[in-house]
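Peer 1: Below are the sequence and a predicted model for it; my questions follow.
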Amino acid sequence: MTITRQHNETEFPELAGKYCERILGVGTDITDEFSIFFIVISGIMYKFFIDEGVLFWDKCLQDPEEDLDEGERYVDILPSFRLNSANVVKIEMKNKKLLVQLDKGTILFEDNDGSTIVKCL
């Protein structure tokens, strides 16, 4: 399934009930803010980021290594918030925030002037 978005407000009803395997954030060792994310849902990897309140979401290859610059690293978001893989309840973008609601918890991605802050709700 190919899903592409470039909107300031959108929902992903086609992902509801699908299995979220991983969410990776690309960041540096100096900050807890991220620039790019990868999410694997039912075996398909998507790359997403928020820029000036607009969500950019697209399918990508299963090898995101080329997206790392010097000094950057991957952070596995789900275990960081003590969440395991879970089913997607809802994914929604509005008010410069992406909400990923899983059946085991909710993760908020919030635009912060060029980077994204991630919180577990």
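Peer 2: Right, received. Where do you want to start? As the structure is a computational prediction, the values presented were derived from the model and not from experiment.
Peer 1: Low-confidence stretches in the protein?
Peer 2: The model of the chain has pLDDT under 70 over residues 1-2, 29-31, 62-67.
Peer 1: can you give me the helices for the chain?
Peer 2: Along the chain, the stretches classed as helices by DSSP state H are 77-80.
Peer 1: Centroid-wise, who is the farthest residue in it?
Peer 2: residue 70 (21.3 Å; C-alpha atoms, centre = their mean).
Peer 1: For that residue, give its distance to residue 46.
Peer 2: 25 Å (C-beta to C-beta, to the nearest Å). In this view, the C-beta of every residue, glycine as well, is placed from N, C-alpha and C.
Peer 1: How about residue 54?
Peer 2: 16 Å.
Peer 1: Just the buried positions in stretch 70-88, please.
Peer 2: Within stretch 70-88, the residues that qualify as buried are 74, 77, 78, 81, 83, 86, 88, counting by 16 or more other C-beta atoms under 10 Å.
Peer 1: Geometric centre of this structure: which residue is closest?
Peer 2: residue 37 (4.7 Å).
Peer 1: Tell me what the closest residue to residue 60 other than its chain neighbours is bridged to.
Peer 2: Spatial nearest neighbour of residue 60, excluding adjacent residues (C-beta to C-beta, 6 or more residues apart in numbering): residue 47 at 4.2 Å. Counting by DSSP bridges, residue 47 is bridged to residue 38, residue 58.
Peer 1: Residue 47: neighbouring residues, count only.
Peer 2: Other residues lying near residue 47 total 18 when counted by other C-beta atoms under 10 Å.
Peer 1: The nearest residue to residue 61 once chain neighbours are set aside and residue 70: what is the separation?
Peer 2: Nearest residue to residue 61 in three dimensions, chain neighbours excluded: residue 45, at 7.1 Å (C-beta to C-beta, 6+ apart). Remark: distance between residue 45 and residue 70 (C-beta to C-beta) = 23 Å.
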